[in-house]
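> Here's my sequence, what's the structure:
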Amino acid sequence: MTMPGAPGSDNATRPAFVLASASPRRLDLLAKLGLVPDRVLPASIDETPRRDEPPRQYVKRMADEKARRVAEQLSDPALILGADTVVTLGRRILPKAEDRATARQCLSMLSGRRHTVMTAIRLMPSAAWPEGRTCERVTETVVTFSRLSDYQIDALLDAGDWEGKAGGYALQGHAAGFIRFISGSASAVIGLPLFETAQLLRGQPGNWLP
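Numbers count the residues shown, from 1 in each chain. Purely as a prediction, here's the structure:
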């Protein structure tokens, strides 16, 4: 598939496609759509939830702020993709596991329980591309873990693929062997809902996707 702005392409004048995230998982998922960002510009924002902020409102705000922060930095025509994923138990947002203790706490809470993973995506044009459209989607996926023993939690922690993951697990990692039910978008749990992303790109001016 011809990439946006590729030399010799009929779409050589199309704006740059910019991913407002450093997530290698999102890069891998975009590749499944045949897309390689022209630039990867992680957005530095405060990701602290506001007091009593519902998870859906929070994840939408995060995706919007990431895309907006990067759009403000660009002076050339560009289409920016911002995304954010949260794991929720009811109205509670589980943290990203930056240490083993946090990952253990998350897995203990998720053990034997159903939870919801919300991923928001936001497409936003830079000011230099007024033809572009700002649009968003939020996907909700229900995931259920089997009941985890202390030994199984230790094994997941030793595997190490919990690091930096919302809720302390990666669907594409070792935790997959303990997930007994999923309803919704598996790619959204990993970090980017492919169907919804493709639909939004198809709605932008230009031939972004077939």
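
> contacts and neighbour counts: CA atoms only from here.
Noted.

> buried ones in stretch 21-28?
21, 26-27 (16 or more other CA atoms under 10 Å).

> Relative to Met109, which of the residues you listed is nearest.
Arg26 (26.2 Å; CA to CA).

> Quick one: end-to-end length of stretch 146-153, please.
11 Å (CA to CA, to the nearest Å).

> Report the mean per-residue pLDDT for it.
Taken as a whole, stretch 146-153 carries a mean pLDDT of 97.

> Just the closest of the buried residues of stretch 21-28 to Glu72, please.
Ser21 (15.1 Å).

> all helices for this protein, in order.
24-32, 55-73, 100-110, 150-159, 186-190, 194-202 (DSSP state H).

> Just list what the first one packs against, helices and strands only.
The criterion is 3 or more CA pairs under 8 Å, 6 or more residues apart in numbering; DSSP states H and E, and the helices and strands that helix 24-32 contacts are helix 186-190.

> list the contacts for the residue nearest to Val40 when sequence neighbours are not counted?
Among residues not flanking Val40 along the chain, Leu19 sits closest, at 4.9 Å (CA to CA, 6 or more residues apart in numbering). By CA atoms under 8 Å, 6 or more residues apart in numbering, the residues touching Leu19 are 37, 39-42, 80-82.

> same thing with Arg61?
Contacts of Arg61 by CA under 8 Å, 6+ apart: none found.

> switch the cut-off to 10 Å
47, 49, 55, 67, 83-84, 120, 122 (CA atoms under 10 Å, 6 or more residues apart in numbering).

> Same check on Gly203?
So Gly203 contacts 132-133, 135, 209 (CA under 10 Å, 6+ apart).

> ok, back up a step: mind checking which of the helices of the chain is nearest Thr88?
helix 55-73 (7.1 Å).

> How about the closest one, which residues are buried there?
Buried, per 16+ other CA under 10 Å, within helix 55-73: 55-56, 58-71.

> for stretch 153-168, same thing?
153, 156-157, 160-168.

> distance between the ends of that stretch?
Stretch 153-168 has an end-to-end distance of 11 Å (criterion: CA to CA).

> Who does Asp84 form a beta bridge with?
As for beta bridges, Asp84 partners with Ala120 under DSSP bridges.

> for it, what are its contacts?
21, 58-64, 66, 118-122, 138, 166, 188, 191-192.

> Many thanks, we can stop here.
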